[in-house]
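Asks: This is a predicted model, with the sequence first.
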Amino acid sequence: MERSNLDFDDLSAFFLVAESGSFARAAEKLGFSKSILSRRVARLEAHTGSQLLLRSSSGAQLTVAGEVYYRLAGDANKLLDFAAEASREALPKVYGKLRIAVSTLVNADTFISTVFKFLDQFETLNITIDIIEKNDSSTYDQFDLAILVDPILDSPSSTLPLGNLQRISIASRSYLEAHPVLTVPSDLSRHRILHLEGYNQEAWPCIFKGDLLVTQVQPNVRTRDACLLMSAVKAGQGIALVPSLLAAEAIEAGWAKKTLSDINWGSSELNLILPKGNATAPHFRNLAEDLKKAILSELSTMAGS
């Protein structure tokens, strides 16, 4: 059977668990949940075909196979670090200020940290990242790069597609426990609706059991700020329709839950935008293409977790 490709994030997770002696301590250092870290190590073990760590209530320790792998993979990792350093020296230098706009709809900690991690290699850049609400060119033309959901492209620009984000309906567990059960779209009429201006309409189209339906909703809370919307969800104020990326961390943390999960609410486009002249500057275009690869890798990891 063909083996899966090695994921270096899985390898990094293994090293950290082995060195800290605990999944919990390693997860705390990385800022991930213990379950995500455990899945990454399990993927590495599946790749190697060996159990590398013994798990117990007191922590985690290397098996005999794990000790061999830790030593040899560590040597290989040092060579990779050396190669990375050499490649950075060969990078075209990008100087000055880099202004990045990120849609409030993707203001997820893990996602933003991916952008910063990628940009760390460009020591000559002075980086500013702003969270923005609008998706039209009057806003993003002020920036060098923009990461937007469903952008309105009404000025010269170049678009690097990052994929589609499923729309999902979510609510806090406490809200769902205290309100009527949701089974069909029309049940939304008996619930409080949290409305994200500029993203939601008061008609929510969906595919339910193969049929296209449009559900009219009456918002109880309106905001243009996705972070405020998620705070309202967490406070048990109602149900919201949001991009999956915005809700991923809340669902992973356990305080939010998908509702009407068998309904297809459609999707939104996630794009990396290069306004105006930046699209034709070779060094800038290369930077954007590499950033796209880093973001796609993180999105793939998040989807797998």
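Replies: Received, thanks. Numbering: from 1, shown residues only.

Asks: For the protein, spot the helix or strand the model is least confident about on average.
Replies: helix 137-140 (a mean of 62; mean pLDDT, DSSP states H and E).

Asks: what packs against the helix or strand that comes right after that helix?
Replies: Downstream of helix 137-140, the first helix or strand assigned by DSSP states H and E is strand 145-149. Under the contact definition 3 or more Cβ pairs under 8 Å, 6 or more residues apart in numbering; DSSP states H and E, strand 145-149 sits against strand 96-103, strand 267-275, helix 282-304. For the C-beta atoms, the positions are set from N, CA and C on the backbone; glycine is no exception.

Asks: deepest of those, which one?
Replies: Highest mean neighbour count among those (mean count of other Cβ atoms under 10 Å): strand 267-275, with a mean of 21.

Asks: what packs against that strand?
Replies: Helices and strands touching strand 267-275, by 3+ Cβ pairs under 8 Å, 6+ apart, are helix 137-140, strand 145-149, strand 157-172, helix 282-304.

Asks: where's the residue nearest the centre of the chain, which helix or strand?
Replies: Nearest to the mean C-alpha position of the chain, by Cα atoms, centre = their mean, lies residue 111 at 4.3 Å. Taking DSSP H and E as the criterion, residue 111 maps to helix 109-119.

Asks: Next SSE downstream of that helix?
Replies: As assigned by DSSP H and E, the chain's next helix or strand after helix 109-119 is strand 125-132.

Asks: Could you give the number of residues near the closest residue to residue 192 other than its chain neighbours?
Replies: Excluding the flanking residues, the one nearest residue 192 by Cβ to Cβ, 6 or more residues apart in numbering is residue 238, at 3.2 Å. Neighbours of residue 238 under the rule other Cβ atoms under 10 Å: 21.

Asks: In contact with residue 238, which residues?
Replies: Shown in contact with residue 238 (Cβ atoms under 8 Å, 6 or more residues apart in numbering): 171, 175, 191, 192, 193, 194, 220, 221, 232.

Asks: Check which helices and strands the helix holding residue 111 sits against.
Replies: Checking 3+ Cβ pairs under 8 Å, 6+ apart, helix 109-119 ends up next to strand 96-103, strand 125-132, helix 244-253, helix 282-304.

Asks: quick one: strands adjacent to the first one?
Replies: Just to be clear, that refers to strand 96-103. The strands that strand 96-103 pairs with in its sheet are strand 125-132 (parallel), strand 145-149 (parallel) (by DSSP bridges).

Asks: now the last one against strand 267-275, angle please.
Replies: Right, strand 145-149. Angle of strand 145-149 versus strand 267-275, following axes from the mean of the first three to the mean of the last three Cα atoms, to 10 degrees, is 160 degrees.

Asks: what's the angle from strand 145-149 to helix 109-119?
Replies: Using the same axes, to 10 degrees: strand 145-149 against helix 109-119 is 160 degrees.

Asks: what inclination does strand 145-149 have with respect to helix 244-253?
Replies: Using the same axes, to 10 degrees: strand 145-149 against helix 244-253 is 70 degrees.
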